[in-house]
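Undergrad: what's the 3D shape of this:
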Amino acid sequence: MSVGTKKAPQIKTMGEASKVRKNIEISEKGKQRKKEIIEATIEVIVHSGVQGVTHRAVALEAGVQLRLTTYYFKDKEDLINEAFIYFAEEGKFLMAGFLELAYEHLENLSGLEKNNLTSKNRKKIYEAFSALASDFLIHNLKHERDHIAVQQAFLNEAIKNPLVRELHKSHRKRLINNVSELCKFANKEDAEINAEIFVNAFEKMEHEGVCTPVKNIDEKKYQAMVHKLVWWMIM
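TA: Numbering: from 1, shown residues only. Here you go, the predicted model:
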């Protein structure tokens, strides 16, 4: 009798555990499916622009039934807004990648003390960052053209979509703040203004370059432009 009493709670606990485990699996599958639909939305934007986003087009791109897209996203605006949030939060804006590399490189430069840089050390930062930024730009223009196109598409959408506008402003503010920290490290006055100019100029080069066929990209021109930009920003 005592043995049966001990086993009953154990069976109940195992059943509850199984139910919880099954719910977790369903939840994880749902999250994965939703992510796939969002990524499909971004792919539609790449080849058809924001105006090409429909539940049917996204379902076709994702390889799922139409009812699944309408289950997770009630309308076109919902799809676009969620795609922008995912694109920003996952760090797929290319400038975010440059900043990550820049800070890693900064940590590897020895003997540098913030706001107390010699001209020699300032030149070290300039040489490192200008090489890094120009290589990064050329890489993007050759291999990340879809991402630049999506970034431009969301910028255009922000003009008429209030929610995307606010999300874009928030993302851009974080971006400029990060670049501003680099300017402050180099003891540059008006760091925030300089950072905004840098971001604007860098993105303009990306958007201009992506309109040029890869084989016709003038690497030397873009390298010279980036070196001038970084020189002004740091020196």
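Undergrad: what residues of stretch 70-88 count as buried?
TA: Of all the residues in stretch 70-88, those buried under the rule 16 or more other CB atoms under 10 Å are 72-73, 76, 78-84, 86-88. Any C-beta I mention is one placed from the backbone N, CA and C, and that applies to glycine too.
Undergrad: which residues are contacting it?
TA: Identification of contacts with stretch 70-88 by CB atoms under 8 Å, 6 or more residues apart in numbering yields 33-35, 37-39, 41-42, 45, 50, 53-55, 58, 69, 93, 150-151, 154, 157, 161, 163-164, 167-168, 171.
Undergrad: of the residues you listed, keep whichever come out buried.
TA: The buried subset of those - by 16+ other CB under 10 Å - is 33-34, 37-39, 41-42, 45, 50, 53-55, 58, 69, 93, 150-151, 154, 157, 161, 164, 167-168, 171.
Undergrad: thought Ile176 was touching Ile193?
TA: No. Ile176 lies out of contact with Ile193 (CB atoms under 8 Å); the separation is 9.5 Å.
Undergrad: so for these two, which sits in the more crowded spot?
TA: Remark: of Ile176 and Ile193, Ile176 carries more neighbours, 20 against 13, as counted by other CB atoms under 10 Å.
Undergrad: next, the contact list for the more buried one, please.
TA: Ile176 neighbours (CB under 8 Å, 6+ apart): Glu192, Ala195, Glu196, Val199.
Undergrad: quick check: pLDDT value at Ile37.
TA: We have a pLDDT of 96 for Ile37.
Undergrad: in which helix or strand would I find it?
TA: helix 2-48 (DSSP states H and E).
Undergrad: show me what the helix or strand following that helix is in contact with.
TA: Next in sequence after helix 2-48, counting helices and strands by DSSP H and E, comes helix 55-62. The contact list for helix 55-62 (CB under 8 Å, 6+ apart) reads 36-37, 39-41, 43-44, 48, 65-66, 68-70, 73, 76, 79.
Undergrad: show me what counts as buried in helix 55-62.
TA: Neighbour counts over helix 55-62 (16+ other CB under 10 Å) mark His55, Ala57, Val58, Ala59, Glu61, Ala62 as buried.
Undergrad: how about stretch 214-230?
TA: Ile217, Tyr222, Gln223, Met225, Val226, His227, Leu229, Val230.
Undergrad: for Glu219, give me its contacts.
TA: Counting by CB under 8 Å, 6+ apart, Glu219 touches Ile138.
Undergrad: show me the shaky parts of this structure.
TA: The chain contains residues with pLDDT under 70 at 1-26, 91-94, 109-117, 187-188.
Undergrad: now do 80
TA: Along the chain, segments meeting pLDDT under 80 span 1-27, 89-99, 105-122, 185-189, 234-235.
Undergrad: show me it divided up by domain.
TA: For the chain, automatic domain parsing gives the domain ranges 2-84, 91-234.
Undergrad: and the longest one, how far out from the chain middle?
TA: Its chain's average C-alpha position is 13 Å from that of domain 91-234, according to CA atoms, centre = their mean, to the nearest Å.
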